[in-house]
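> my questions concern the predicted model and sequence given below.
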There are 2 protein chains.
Amino acid sequence: MTADTSKKLKTAEVEKISHIDYFKIAISVDCVIFGFENKELRVLLIKSDLEEFAGRWSLLGDLVKVDEDLDSAPYRVLRQRTGLDDVFLQQVGSFGAINRHPSGRVITTAYYSLINIRNHKLEITDNEVHWHSLKNLKDLAFDHKKIIESCLERLRIQIMDEPVIFNLLPEKFSLRELQDLYQAILGIKLDRRNFRKKIALKNWLDDLDEMEDDVPHRPGKLYKLKTGLKKNKLDEVAEKAK
Amino acid sequence: MTADTSKKLKTAEVEKISHIDYFKIAISVDCVIFGFENKELRVLLIKSDLEEFAGRWSLLGDLVKVDEDLDSAPYRVLRQRTGLDDVFLQQVGSFGAINRHPSGRVITTAYYSLINIRNHKLEITDNEVHWHSLKNLKDLAFDHKKIIESCLERLRIQIMDEPVIFNLLPEKFSLRELQDLYQAILGIKLDRRNFRKKIALKNWLDDLDEMEDDVPHRPGKLYKLKTGLKKNKLDEVAEKAK
DNA sequence: CAAGCATCGTGTAATTTGTACACAATCCCT
DNA sequence: AGGGATTGTGTACAAATTACACGATGCTTG
């Protein structure tokens, strides 16, 4: 048997459940939006306006609409709340402990996203929003700390094989910036020579024959992501559509 | 802002939505239960009893109850439908295309599970159930083919680092059986000597100093999973609880 | 304008890991 | 007794990972 509403009416053990009980659970999406600034990984948080969570920070999220795909909902949330479009978004997992939401039963599906803090200026529509360092995440609303940790774990895995990390960098970047970013995400130091060798091996980058010009030390060469490499899901979808 | 019901009432763009609209989406779980028999990976399917899917196979699933954790629901489903308890269950992802369910809006969260077909005799409560080979999965109900593929993909990754695969084998097994199982899951042939070397390196197994006695050829040594290694999530949870 | 600072750019040797590959021994079956 | 299927075992080569140092460059400061 599969999960469905009509079948439900027939099974013995649930016969006393009335139709309205199928719809006592609301479903939402939450977006874990990572950014990178000042050699630190950040996450975009918003002040919760639930009384239960007064003054505490939470993820951007919303209920899923009845006429939108689950995987479309986080794109809408991001567009509505920040003006961002054309971003990388990846489903990470669903969180549905009974009491995770203080004012009702809400199951949420978490997505993570990577955006370049400088390039995308956020058009915040309401509430107080803040790029929060990942180091001191205290007192988040709901189970949002756990959700962020799950997303970070996924991110760490994903940056090893897929060129998603470039969503966090400007078009042109130096290898130092790239290494700083890897280090911020992984939380460890990397050997510079080995790092450069590994990146070279992946063949993701084009050498731009340009130099940094805004650093207080010897400038490094600038690179960009090879054209044709999909750095986000939209590109992938577009490719499949061909 | 976060996903919640009370906030929803305040935002401009959704002001015309009445309270009942929050609960127009039902949420289910579906279990992809893998087994291993005859050198083939199998998945447990049940005849759908939706008219729309007459005669087609589907996963075991059910709606999530309002008073149960999302991650508990698949354990309940498995217990109720097959009598199975104490199994490995892992959340893989959520599927929520608008029209995935013909008789209503249902978002489902998929879990995969690994069980030993011989050890666990299923106590099927209703409907027709079948261990289906993964090779000819045609005409499944809903988006269940896609769900199974996602779960298989996850399984393939997970067996490389974690000793979950032993859920599919009897207590005592030979290296040949183990290799056959890896091959069935990965869909490729492995070199015997290299395979044995790799397994030895993982240090998962205890040599039992016993031999197979039911094979029509030279018998191999029997091994078992080292005691103390967690082959399923229950063990992990138990460990954390300490 | 010299000294100091931070970073750039680069290669090699040692170790570990992955891959390809063959043969004699054992047990069952007939 | 012979054929069939499988066991158990090691080595050589290739590839990937790790550890590690020095001279050059551009900016800053005093």
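Sure, I can see it. Quantities reported herein were computed from a predicted structural model and do not represent experimental measurements.

> please count neighbours and contacts with C-alpha atoms only from this point.
Fine.

> surely residue A:220 and residue A:212 touch.
Yes: assessed by C-alpha atoms under 8 Å, residue A:220 is found in contact with residue A:212 at 5.6 Å.

> overlap of the contact sets of these two?
residue A:174 (C-alpha atoms under 8 Å, 6 or more residues apart in numbering or on different chains).

> need the phi and psi values for residue A:62.
phi -160, psi 160 (degrees, to the nearest 10).

> just give me the neighbour total for it.
Neighbours of residue A:62 under the rule other C-alpha atoms under 10 Å in any protein chain shown: 24.

> longest strand of chain A?
The longest strand of chain A (DSSP state E) is strand A:26-37.

> hey, C-alpha coordinates of that strand in PDB?
Extracted in PDB, the C-alpha atoms of strand A:26-37 (Å, rounded to 0.1, in the frame of the first residue of the first chain):
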ATOM      1  CA  ALA A  26       1.300  22.100   7.600                       C
ATOM      2  CA  ILE A  27       4.300  21.900   5.400                       C
ATOM      3  CA  SER A  28       6.900  24.600   5.000                       C
ATOM      4  CA  VAL A  29      10.300  25.100   3.400                       C
ATOM      5  CA  ASP A  30      13.300  26.800   5.100                       C
ATOM      6  CA  CYS A  31      16.300  28.300   3.200                       C
ATOM      7  CA  VAL A  32      19.800  28.100   4.600                       C
ATOM      8  CA  ILE A  33      21.500  30.800   2.600                       C
ATOM      9  CA  PHE A  34      25.200  30.800   2.900                       C
ATOM     10  CA  GLY A  35      27.400  33.700   2.100                       C
ATOM     11  CA  PHE A  36      31.100  34.500   2.400                       C
ATOM     12  CA  GLU A  37      32.600  37.700   3.700                       C
END
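
> do me a favour and average the pLDDT over the next helix or strand after that strand.
Sequence-wise, the next helix or strand downstream of strand A:26-37 (DSSP states H and E) is strand A:40-47. Here strand A:40-47 scores 95 as its mean pLDDT.

> skip the chain neighbours and tell me the closest residue to the residue nearest to the spatial centre of chain A.
For chain A, the residue sitting closest to the mean C-alpha position, by C-alpha atoms, centre = their mean, is residue A:112 at 1.8 Å. Among residues not flanking residue A:112 along the chain, residue A:32 sits closest, at 4.5 Å (C-alpha to C-alpha, 6 or more residues apart in numbering or on different chains).

> what helices or strands is the longest helix along chain A leaning on?
In chain A, taking DSSP state H as the definition, the longest helix is helix A:144-161. Packing partners of helix A:144-161 (3 or more C-alpha pairs under 8 Å, 6 or more residues apart in numbering or on different chains; DSSP states H and E): strand A:26-37, strand A:88-95, strand A:106-114, helix A:175-186.

> adding mean pLDDT and distance to DNA strand C, write these out as TSV.
As requested, those are exported to TSV (pLDDT from 0 to 100; distance: least, C-alpha to the nearest atom of the strand, whole Å):
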stretch	mean pLDDT	distance to DNA strand C
strand A:26-37	97	14
strand A:88-95	97	26
strand A:106-114	97	23
helix A:175-186	98	4
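
> so which of the ones you listed is nearest residue A:123?
For the helices and strands packed on helix A:144-161, proximity to residue A:123 was assessed by C-alpha to C-alpha; strand A:26-37 is nearest, at 14.6 Å.

> now do the closest one against strand B:106-114, angle only.
If you take axes from the mean of the first three to the mean of the last three C-alpha atoms, to 10 degrees, strand A:26-37 sits at 70 degrees to strand B:106-114.

> backbone phi and psi for residue A:134, please?
Main-chain torsions, residue A:134, degrees, to the nearest 10: phi -80, psi -10.

> what's the neighbour count on the nearest residue to it once chain neighbours are set aside?
Nearest residue to residue A:134, sequence neighbours excluded (C-alpha to C-alpha, 6+ apart): residue A:42, at 5.6 Å. A count of nearby residues for residue A:42, using other C-alpha under 10 Å, gives 23.

> for the longest strand of chain A, which strands pair with it and how are they oriented?
Strand A:26-37 has its sheet partners listed here by DSSP bridges as strand A:40-47 (antiparallel), strand A:60-63 (antiparallel), strand A:106-114 (parallel).

> now look at the first one and say if it contacts DNA strand C.
No: with C-alpha under 7 Å from any atom of the strand as the threshold, strand A:40-47 lies outside contact range of DNA strand C, at a closest distance of 13.9 Å.

> buried set for that strand?
A:40, A:41, A:42, A:43, A:44, A:45, A:46, A:47 (16 or more other C-alpha atoms under 10 Å in any protein chain shown).

> and the gap between the residue lying closest to residue A:57 once chain neighbours are set aside and DNA strand C?
For residue A:57, ignoring the flanking residues on the chain, the nearest one in space by C-alpha to C-alpha, 6+ apart is residue A:47 at 4.6 Å. From residue A:47 across to DNA strand C, the span is 34 Å (C-alpha to the nearest atom of the strand, to the nearest Å).

> distance check, residue A:47 against DNA strand D.
The gap separating residue A:47 from DNA strand D is 38 Å, by C-alpha to the nearest atom of the strand.

> which stretches of chain A have low pLDDT?
Counting by pLDDT under 70, chain A has low-confidence residues at A:1-22, A:125-126, A:232-242.

> near DNA strand C, which residues of it?
Applying C-alpha under 7 Å from any atom of the strand, one finds that chain A approaches DNA strand C through A:174, A:175, A:176, A:192, A:193, A:194, A:196, A:217, A:218, A:219, A:220, A:221.

> contacting residues for the closest residue to the fourth one other than its chain neighbours?
In this case it means residue A:192. Nearest non-adjacent residue to residue A:192, counting by C-alpha to C-alpha, 6+ apart: residue A:179, 7.8 Å away. Residues near residue A:179 by C-alpha under 8 Å, 6+ apart: A:190, A:192, A:195.

> contact partners for residue A:159?
Taking C-alpha under 8 Å, 6+ apart, we find residue A:159 in contact with residue A:165.

> export the strands paired with strand A:26-37 to a markdown table and tack on distance to residue B:230?
Formatted as a markdown table, those follow (distance: least, C-alpha to C-alpha, whole Å):
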| stretch | distance to residue B:230 |
| --- | --- |
| strand A:40-47 | 33 |
| strand A:60-63 | 35 |
| strand A:106-114 | 27 |
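
> quick one: closest of the ones you listed to residue A:124.
Judging the strands paired with strand A:26-37 by C-alpha to C-alpha, what sits closest to residue A:124 is strand A:40-47, at 10.1 Å.
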